[in-house]
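J.: Give me the fold of what follows.
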Amino acid sequence: MKKFLPIILIALACRPTLAQSTTKPAPVPTPPSRPTQSPPVSQQQSTNFQLSEYGVEFLADPRLIIMTAALEAAGFESATGRAPSVFRAQVRLDLNTLDPELRNRLKAFYERNKLPAPATAADQAARYVSLALALGPPPSLDAPERSDDLPAGLLDVLDFAPLLREFYRRSGIDERLVSYTRSYQSEGDRLRSSAAEMVRAVLSYLHTRPITVSSERVAVKSPTAAKKKTATKTYSFREHERHFLIVPDLLGVPGAINFRIIGDDYYAIIPQGTDPASSELRRAYLQYVIDPLMLRFNREIVARRDQVKAILSEREKAGTTVTPDVFLAVTRSLVAAADARFLELRRLEILAAQTRARLNGAKDDPTRVAIRKEAETAISGIQDETIARLAENYERGAVLSFFFAEQLKGIESSGFDIANFFVDMITSFDPAREIRRPAEYAEARQRALTARQTRITGVKAEAGNEVYSEAESTKAASLVKQLAEIEEVLRLRDYNTAEAQLKALLKDYPGEPRVFFALAQTASLAAADATDEDVQTERLKRALSNYRLALQASSPETDRALVSRAHEAMGRIHAFLENPMEASKEFDEAIKIGDVRGGAYNDALAGKKKLMPPK
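T.: Reported below is the predicted structural model:
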């Protein structure tokens, strides 16, 4: 029986990003005498990038399709408050002819086994997803034997399997599976390009190629072994392919990625509309890459088992429930650290590009000084956010996350495969230092939490004391997260995807000025890349239209920075289109608002100055 290791990755408001430390950093590991430099995964590779070479495949899994359709019949609400998608509406229509008696039994099972509050829809679905992936293929849909090897969540709903088989036989879904599968494959095609960019970026950061084959040592049975009790045991090695399977889920809970490991197969179940560049999918792929490294260096980890256990023991004393599995703790730590460092570097790259652009447009030293000061503040904020996310992972049992993040920071530019450094890393951590981490990160973490709350609630220094309900704050946090993910899509210059995702956001956040503003920025960036003058002009006019919508939706009290930036951006576009009078009006509007934090006062002054005729 294969072992099942379930992991649920639910989208969070803010994602991991390393820390400035007031203490002396850990020593940077030196590579072995003959390091292996893996062939780099170029960001400029041609469009025939084969994801399968890196273990990645897309799978329209009929077991999941059947399971989610059965849950739909059972009354499971995966998208409460949203209009059903075209596919979901079609499935509901197809289920109208389902035998009411069978439907009632499906509902009764689901209601009887429902998780108590505060369980989310994603929590409810996760156990059924695990069961679907444990079943045999249709039409038999054989369930696994009841065993302690099965996760508790799957065991809770294992008895749903006979009902599912009956649903398959009597619902007519077998006749519709072909058309359903085509829809799932189309969603997989949509995900492919962004997934390829994510894989390229992760492997380029780690300077590695994933291990796509695992070896298992098995005893070789000899015909004479039974007669000769003293016969020497012999072994052979059996190879298994490792797969990272991206599974679209058109009936899944929006925003909730489910990650399951079953043997050598890593399943990432992606709800419709999810951005493959999201942190949850990236962390899942990082685990796929890192897990075999843990097996390769298991002796080195065993040698430090007691030290890792000592750190875990301190977390337990602090009231935290942590895994007793040292290998799992080390793996989680390296995954968390790699994800944090990866994201911090990307955010710093974007900030550097934006700062360079602003400095290039600055006309005097005071403006340049102000721009550099803002950049320094932003860098500190990014680094504080990294600390906060590493702290969250540390407190959940990834007790070497800070250590690995510091080590990765020292080796990122080496160009050598991360595997070359792992032995040095695992043998050099100081358990006493890692136990002290909570005291070291407390101040930076508090700054990050304060900054998060400011972003989530939209509170500015000049705004009044507005009170937000928990539901409003949660929704605002979701918007912040989704806009951050779309920002990464823009970094990859995938303007069409970014625009489509932003338009989809408007359905959940109608009249949200930040979405209109982001749509305007997307059109403006796309215009900058256009070579055809007519196309460039059309995109700039589209940007102007969206900036106007952002202004109309904005509050003059709480969105002053956004209003300032929108007017300044419109001024630059009008100046480029040789509309000096319109440009001057927009710059004046930005200047009138004043030098608000996060606004574009200095840029507007510089833009207005450019419009003036030379003396």
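J.: in a helix, that's where residue 169 is, yeah?
T.: Yes: under DSSP: H, G, I helix; E, B strand; the rest coil, residue 169 falls within a helix.
J.: need the contact list for it.
T.: residue 139 (Cβ atoms under 8 Å, 6 or more residues apart in numbering). C-beta: built from backbone N, CA, C; applies to glycine.
J.: can you pull the pLDDT of it?
T.: Note on residue 169: pLDDT of 95.
J.: do you know how far it is from residue 141?
T.: 10 Å (Cβ to Cβ, to the nearest Å).
J.: Run through this protein and note the low-pLDDT ranges.
T.: 1-49, 79-82, 218, 221-232, 235, 277-278, 455-477, 491, 556-557, 614-615 (pLDDT under 70).
J.: how about the strands in it?
T.: Here the chain has its strands, by DSSP state E, at 4-10, 56-58, 213-220, 234-241, 243-249, 256-262, 265-271.
J.: Between those strands, which one is closest to residue 409.
T.: Nearest to residue 409 among the strands of the chain is strand 4-10 (24.4 Å), distances taken as Cβ to Cβ.
J.: longest helix anywhere in this protein?
T.: helix 326-361 (DSSP state H).
J.: where does it sit relative to the chain's centre, distance-wise?
T.: Remark: helix 326-361 is offset 13 Å from the chain centroid, using Cα atoms, centre = their mean, to the nearest Å.
J.: Kindly provide the distance from residue 195 to residue 241.
T.: Relative to residue 241, and taking Cβ to Cβ, residue 195 is found at 19 Å.
J.: Those two: who's more crowded?
T.: Comparing residue 195 with residue 241 by neighbour count (other Cβ atoms under 10 Å), the higher total belongs to residue 195, at 23 against 10.
J.: Just give the closest residue to the more buried one, not the sequence neighbours.
T.: What sits nearest to residue 195 in space, not counting adjacent residues and going by Cβ to Cβ, 6 or more residues apart in numbering, is residue 276, at 4.1 Å.
J.: just residue 582 next, same as before
T.: residue 574 (4.1 Å).
J.: and if you look at residue 610?
T.: With Cβ to Cβ, 6+ apart, the residue lying closest to residue 610 is residue 575, at 6.9 Å.
J.: OK, contacts around the nearest residue to residue 388 once chain neighbours are set aside?
T.: Nearest residue to residue 388 in three dimensions, chain neighbours excluded: residue 448, at 3.6 Å (Cβ to Cβ, 6+ apart). Contacts for residue 448 were tallied using Cβ under 8 Å, 6+ apart; they are 381, 384, 385, 387, 388.
J.: Just name the closest of the residues you listed to residue 540, please.
T.: Nearest to residue 540 among those is residue 381, at 31.0 Å by Cβ to Cβ.
J.: That closest one contacts residue 452, correct?
T.: No: Residue 381 is not in contact with residue 452 according to Cβ atoms under 8 Å; the separation is 10.1 Å.
J.: picking up where we left off before, among the contacts of residue 448, which ones are buried?
T.: By neighbour count, with 16 or more other Cβ atoms under 10 Å, the contacts of residue 448 hold 381, 384, 385, 387, 388 as buried.
J.: Now flag whichever of those is closest to residue 551.
T.: So of these, ranked by how close each gets to residue 551 (Cβ to Cβ), first place is residue 381, at 26.4 Å.
J.: and the nearest residue to that closest one once chain neighbours are set aside, what does it touch?
T.: Excluding the flanking residues, the one nearest residue 381 by Cβ to Cβ, 6+ apart is residue 451, at 5.7 Å. Residue 451 is in contact with 381, 384, 385, counting by Cβ under 8 Å, 6+ apart.
J.: Over to residue 251?
T.: 68, 69, 71, 72, 78, 87, 88, 91.
J.: which of those residues count as buried?
T.: 68, 69, 71, 72, 78, 87, 88, 91.
J.: Please convert those to CSV, extending it with distance to residue 297.
T.: Below are the buried ones among the contacts of residue 251 laid out as CSV (distance: Cβ to Cβ, whole Å):
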residue, distance to residue 297
68, 39
69, 44
71, 41
72, 45
78, 41
87, 45
88, 46
91, 47
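J.: Among these, give me the pair with the biggest separation.
T.: 71 and 87 (14.4 Å).
J.: if we can go back for a sec, wouldn't the residue nearest to residue 582 be in contact with residue 586 here?
T.: Yes: using Cβ under 8 Å, residue 574 is in contact with residue 586, at 6.2 Å.
J.: These two: which has the busier surroundings?
T.: Counted by other Cβ under 10 Å, residue 574 and residue 586 do not tie: residue 586 has more neighbours, with 25 against 22.
J.: Contact partners for the more buried one?
T.: Contacts for residue 586 (Cβ under 8 Å, 6+ apart) come out as 567, 568, 570, 571, 574.
J.: what's the closest of these to residue 191?
T.: Using Cβ to Cβ, the contacts of residue 586 come closest to residue 191 at residue 570, 34.7 Å.
J.: Excluding sequence neighbours, find me the nearest residue to the closest one.
T.: Using Cβ to Cβ, 6+ apart, the nearest residue to residue 570 is residue 586, at 4.3 Å.
J.: With residue 600 as the reference, measure out to residue 578.
T.: Following Cβ to Cβ, the distance that separates residue 578 from residue 600 is 21 Å.
J.: Who has more neighbours out of those two?
T.: Under the criterion of other Cβ under 10 Å, the comparison of residue 578 against residue 600 puts residue 600 first, with 27 against 8.
J.: Surely that one and residue 570 touch.
T.: No: using Cβ under 8 Å, residue 600 makes no contact with residue 570, being 10.5 Å away.
J.: what ranges do the helices span in the stretch 401-550 of the chain?
T.: 401-411, 422-428, 431-435, 437-457, 470-491, 495-508, 513-529, 533-553 (DSSP state H, counting those that start in this stretch).
J.: what's the most buried one of these?
T.: helix 401-411 (a mean of 24; mean count of other Cβ atoms under 10 Å).
J.: follow-up on the earlier one: could I get the strands of the chain as JSON lines with distance to residue 555?
T.: Listed next are these as JSON lines, based on distance: least, Cβ to Cβ, whole Å:
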{"stretch": "strand 4-10", "distance to residue 555": "31"}
{"stretch": "strand 56-58", "distance to residue 555": "43"}
{"stretch": "strand 213-220", "distance to residue 555": "56"}
{"stretch": "strand 234-241", "distance to residue 555": "55"}
{"stretch": "strand 243-249", "distance to residue 555": "37"}
{"stretch": "strand 256-262", "distance to residue 555": "31"}
{"stretch": "strand 265-271", "distance to residue 555": "32"}
